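[1] coords please:
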Amino acid sequence: MKDYLDLIRTKHWLKNILIFLPVFFSTNILNKNYLVTLLIAFIIFCFSSSIVYILNDINDIEKDKLHPIKKNRPLAKGAISKNKAIIIMIFLILITCVVSFILYNNNHNIITFIIPLFYIMLNILYSKGLKNIPIIDVVIIVFGFVLRVMYGGIVVGVEVSKYLYLMIIFGAFFLGFGKRRNEIKKNGNKSRKVLALYNENFLEKNMYVAFALAIVSYTLWCVDPTTITHVGNDYLFWTIPLVIVILQLYSLNIEGNSHGDPIEVILSDKILLSMGILYGVVMILLLYVI
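    From the prediction side, this is the model:
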């Protein structure tokens, strides 16, 4: 069972929590109708991302066998056959279509189909060659994060702040460039074709430019008059240092012995995870209690 869960990357479903951000920050997360809709949207994106992961693993079996970490993936180590992986992928596609139709019946918004389909098609293009083009490979990763937030806002009709979008964009660039940099540090440029076209200095510079811009964007969102009016207070300002500390802890991890995978970094560092939970608790208090 563990191999099948690893194949569909259940750990990485955590990224899809971004779908809830627009409604959470709009102070409407307790709306029962919104919550049901978002849970369905979450399932759709979880399965959509699993489809992409399986497809990538099928295409990269031989390369993954040579990678010090990826060689332990189910397909690379032979725990699951290629044919079984294809059957599971087809099954997930069918479920995703059915659940998307259920969501469409609730909101009659064609975007319900378009965004997950666009996400899958974009990642197919990534798998087929775009992953070998420097910058574009990271841009597609960033797009994945943005689409999750956009999807969460659109399916329930909640407008997403432009500053929030910018924070997600710059934060995702920080994660993407950080992952590429650590791949070069740990494995050289042989484990991924595009790494031969990058260098550590370039990735490090751009990684920390994105780091700074993510903090600036979050700050602008906190002090934006629209945000203050909607929330009813200006206390969000005091969460800025907490966000800075969280990003610094993450940065400290990838400056150390980490391979740079965001989910692995977060789940393996108890202090970072605790700070993330603390941020969530503080935001709940500021948005829903005070």
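
[2] buried ones in stretch 57-71, by neighbour count?
    For stretch 57-71, the buried set under the neighbour-count rule, 16 or more other C-beta atoms under 10 Å, comprises D57, D60, I61, D64, H67, K70. All C-beta atoms are positioned from the backbone trio N, CA, C, and that covers glycine.

[3] need phi/psi at the nearest residue to the last one once chain neighbours are set aside.
    In this case it means K70. Spatially, and ignoring its direct neighbours in sequence, K70 is nearest to D64 (3.9 Å; C-beta to C-beta, 6 or more residues apart in numbering). The phi and psi values for D64, taken as degrees, to the nearest 10, are phi -60, psi -30.

[4] all helices for this protein, in order.
    Counting by DSSP state H, the chain has helices at residues 2-7, 21-25, 32-59, 61-65, 82-107, 111-128, 136-154, 162-187, 200-223, 225-231, 240-254, 262-268, 270-284.

[5] got the contact list for the second one?
    Same thing as helix 21-25. 29, 31, 34-35, 38, 149, 152-153, 156, 158-161, 164, 283, 287 (C-beta atoms under 8 Å, 6 or more residues apart in numbering).

[6] average pLDDT across stretch 249-260?
    The average of the pLDDT scores along stretch 249-260 is 80.

[7] change the start of the numbering to 73 and stick with it
    Noted, 73 is the first residue going forward, which turns the last one into stretch 321-332.

[8] now do that stretch: distance to the chain's middle.
    17 Å (C-alpha atoms, centre = their mean, to the nearest Å).

[9] likewise stretch 109-124?
    That offset, for stretch 109-124, works out to 12 Å (C-alpha atoms, centre = their mean).

[10] ok, back up a step: weakest of the helices of the chain by average pLDDT?
    Minimum mean pLDDT among the helices of the chain: helix 133-137, a mean of 80.

[11] alpha carbons only: can I get that helix in CSV?
    Listed next in CSV are the C-alpha coordinates belonging to helix 133-137 (Å, rounded to 0.1, in the frame of the first residue of the first chain):
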residue,chain,number,x,y,z
ILE,A,133,11.9,5.7,-15.0
GLU,A,134,15.4,5.2,-16.4
LYS,A,135,16.7,8.6,-15.2
ASP,A,136,15.2,8.1,-11.8
LYS,A,137,17.1,4.8,-11.4
